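Trainee: Give me a model of this one.
(one chain, ligands or ions: 1)
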Amino acid sequence: MTSFMPPADRHWWKVPVGKQELIWIAIALVWCIIMFLMMPLWHVYGKQNLSTEAYQTTPAKFGAKVEEMVEKYTVGEEAGIPIVAPPVGSDIYMLGRLWQWYPVLKLKKDQEYRLHLSSMDFQHGFSLQPDNINLQVVPGYDMVLKITPDKSGEYGVICNEYCGIGHHLMVGKIYVED
Ligand code: CUA
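Mentor: This next block holds a predicted model:
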């Protein structure tokens, strides 16, 4: 149809929108709305999109907080990384850097903690397995969330933001004890 019009009239706003195109616009719009509604739904039902608080920090400040906790509450070591058992109810820290999660945390089941996460260098992705809880870890920001581990056992923390050649080696650990 458009090819029969003189070039000067071939403007998209003058040509009626094709039926197929309208259908695809409608499908895309409906899908957008579904995805938008998933955000609050996952927060409530999927245990994703957790409520976090974010504060500005610097790698130096955050690193100092982490070291303070490590010095006070280290109970062991695993592959050169301290295992830290901080008091129930306290502020606990984990940092991401090329290419490790530091330190290993040892927590008590059914007790609440305030977990602080930050990065020392680039963006990393905190992914708690096998629970599949995912959070972005960004330098300059202290992300805080209240956690209450409800199952004892060993949890892995993997990085799910590509952060360079050692990305796949960036594996941390959290122990939860009864
Ligand atoms: Cu850190 Cu990928």
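
Trainee: From now on I want contacts and neighbour counts done on CA atoms only, so please keep to that.
Mentor: Noted.

Trainee: Roughly how far does residue 87 sit from residue 107?
Mentor: Residue 87 is 8 Å from residue 107, where distance means CA to CA, to the nearest Å.

Trainee: same question, residue 98
Mentor: In this view, residue 98 and residue 107 are 24 Å apart by CA to CA.

Trainee: Name the residues linked to residue 115 by a beta bridge.
Mentor: Beta-bridge partners for residue 115, by DSSP bridges, are residue 92, residue 145.

Trainee: cool, and residue 156?
Mentor: According to DSSP bridges, beta-bridge pairing links residue 156 with residue 129, residue 173.

Trainee: Show me what the helix or strand that contains residue 118 is packed up against.
Mentor: According to DSSP states H and E, residue 118 maps onto strand 113-119. Packed against strand 113-119, as judged by 3 or more CA pairs under 8 Å, 6 or more residues apart in numbering; DSSP states H and E, are the following elements: helix 59-73, strand 91-97, strand 133-137, strand 141-147.

Trainee: which regions of this protein sit below the pLDDT cut-off?
Mentor: 1-5, 47-49 (pLDDT under 70).

Trainee: I'd like the distance between the residue positioned nearest the centre of it and the ligand.
Mentor: Residue closest to the average C-alpha location in the chain (CA atoms, centre = their mean): residue 135, at 1.1 Å. As for residue 135, its distance to the ligand is 12 Å (criterion: CA to the nearest ligand atom, to the nearest Å).

Trainee: Next, the contact list for the closest residue to residue 146 other than its chain neighbours, please.
Mentor: Nearest-residue entry for residue 146: residue 114, 4.6 Å, with adjacent residues in sequence omitted and distances by CA to CA, 6 or more residues apart in numbering. Counting by CA atoms under 8 Å, 6 or more residues apart in numbering, residue 114 touches 89-92, 144-147.

Trainee: Ok, residue 138 next?
Mentor: Contacts of residue 138 by CA under 8 Å, 6+ apart are 118-119, 122-124.

Trainee: How many residues are close by the closest residue to the residue nearest to the centre of the chain other than its chain neighbours?
Mentor: Distances taken as CA to CA, 6+ apart place residue 126 nearest to residue 135, at 5.1 Å, with adjacent residues excluded. Neighbourhood size, residue 126 [other CA atoms under 10 Å]: 27.

Trainee: Let me know the helix or strand that residue 126 is in.
Mentor: Counting by DSSP H and E, residue 126 is found in strand 124-129.

Trainee: Could you do residue 30 as well?
Mentor: Residue 30 belongs to helix 19-44, assigned by DSSP H and E.

Trainee: Report the distance from that helix to the chain centre.
Mentor: Chain-centre distance of helix 19-44: 24 Å, with CA atoms, centre = their mean, to the nearest Å.
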